[in-house]
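*Asks:* Kindly return the folded structure for what I paste below:
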Amino acid sequence: MKYYCEDSQQVLQELNSQKSGLTEKEAAERLLQNGANELKAAKGKSLLRRFAEQVADPMIVILLAAAAISGVLAVLENDSFADVIIILAVVLINAVLGVYQESKAEKAIEALQDMAAATSKVVRDGKMSSILSKDLVVGDIICLEAGDAVPADARILESASLKAEEAALTGESVPVTKLIDQIFLADGERDVPLGDRKNMVYMGSTIVYGRAVAVVTATGMDTEMGKIADALSQAQEGQTPLQRKLTQLSKVLTKLVIGICVLVFAIQMIRAGSLNFEVALNCGFPCSGGDPGRTCGSCDSGTFHRCNEHVKTKRDHPPADCSGNSWLCSGDLLG
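*Replies:* Next up is the predicted model:
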């Protein structure tokens, strides 16, 4: 409802209220119907989810991959697992500290919210009393003065040099002078901007000067502050430019580390004797009178003879028969 476009008496009629305030019975019924005057808190994350988010960091993933590769190499070489233990200890400590700091911050915010459970001066049954702001209902008559935080959205009924700071809602740092006059829409206008609603005060703003009497028009998530909080809760959290750059760097490092690890793994496998390379030099003509498995050939540096895995080299031309030659095991060369 556009209560700022209506006369104060008309607003009271629409809200079924009066300047003497609601009765305690009416207030209790409205509180039961509309709920408490408080913003819905965001659903907290479970401990397991917080821990998973810490471990899902790209740099942590790289460390875990390094630990896995170190573990495989340690098993193959029957080596110490010291590197694996150190890496996993660092990852675990980082995750635990991250979860602890996040939980500590949330508890601090909750403590501040409990401390900020403000009270409001309200008129009920013709008497002024002080109640918890969360117990306010639509139609309550509230009294505001300098230093008070506005507990709910309200239409001003009486004002004495009232000024309110609304930076949390409009971004305007200069206090706004409030009036009680009805606001009229210009031709073609469909609504009035929030900062121009001079006869309204909103949850989240603060009275910096003067005093006023107002009737509550909206509470809880129905307030302008509640609408902002609801929009923020539904908005998807995006990455900052720094986070995007770190993510790109992590991807590059991941590919580089994987490549290096594969290379190191292959070298270690070769050194461990898991891969054997046989260099076979065959120049293409058979030995005469010898074993069919033997071949004789001529290279640039001279002649070599090979029978199966036995190799012999000579500096002269190949003889007609290889049978008189002595043979050495694979890898042994005679010049």
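
*Asks:* hey, let's count contacts and neighbours off CA atoms from now on
*Replies:* Noted.

*Asks:* Okay, helices next: where are they in the stretch 51-200 of the chain?
*Replies:* 58-76, 82-115, 167-170 (DSSP state H, counting those that start in this stretch).

*Asks:* Need the winner for burial among those helices.
*Replies:* The highest mean neighbour count among those, using mean count of other Cα atoms under 10 Å, belongs to helix 58-76: a mean of 17.

*Asks:* just the angle between it and helix 82-115, please?
*Replies:* Here the directions of helix 58-76 and helix 82-115 differ by 150 degrees (axes from the mean of the first three to the mean of the last three Cα atoms, to 10 degrees).

*Asks:* Please name every helix or strand in contact with helix 58-76.
*Replies:* Using 3 or more Cα pairs under 8 Å, 6 or more residues apart in numbering; DSSP states H and E as the contact definition, the elements that helix 58-76 packs against are helix 82-115, helix 241-271.

*Asks:* Need those in a markdown table (columns: mean pLDDT).
*Replies:* Listed next are those as a markdown table, based on pLDDT from 0 to 100:
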| stretch | mean pLDDT |
| --- | --- |
| helix 82-115 | 77 |
| helix 241-271 | 81 |
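
*Asks:* between these, which one is nearest to L32?
*Replies:* For these, distance to L32 was read as Cα to Cα. The smallest value, 21.9 Å, belongs to helix 82-115.

*Asks:* As TSV, the helices and strands packed on helix 58-76 with distance to L136 would be great.
*Replies:* Listed next are the helices and strands packed on helix 58-76 as TSV, based on distance: least, Cα to Cα, whole Å:
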stretch	distance to L136
helix 82-115	17
helix 241-271	43
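
*Asks:* I60: which of the ones you listed is closest?
*Replies:* Between I60 and these, the tightest spacing by Cα to Cα is seen for helix 82-115, at 6.6 Å.

*Asks:* Which other helices and strands does the closest one contact?
*Replies:* Judged by 3+ Cα pairs under 8 Å, 6+ apart, helix 82-115 is in contact with helix 47-55, helix 58-76.

*Asks:* Many thanks, have a good one.
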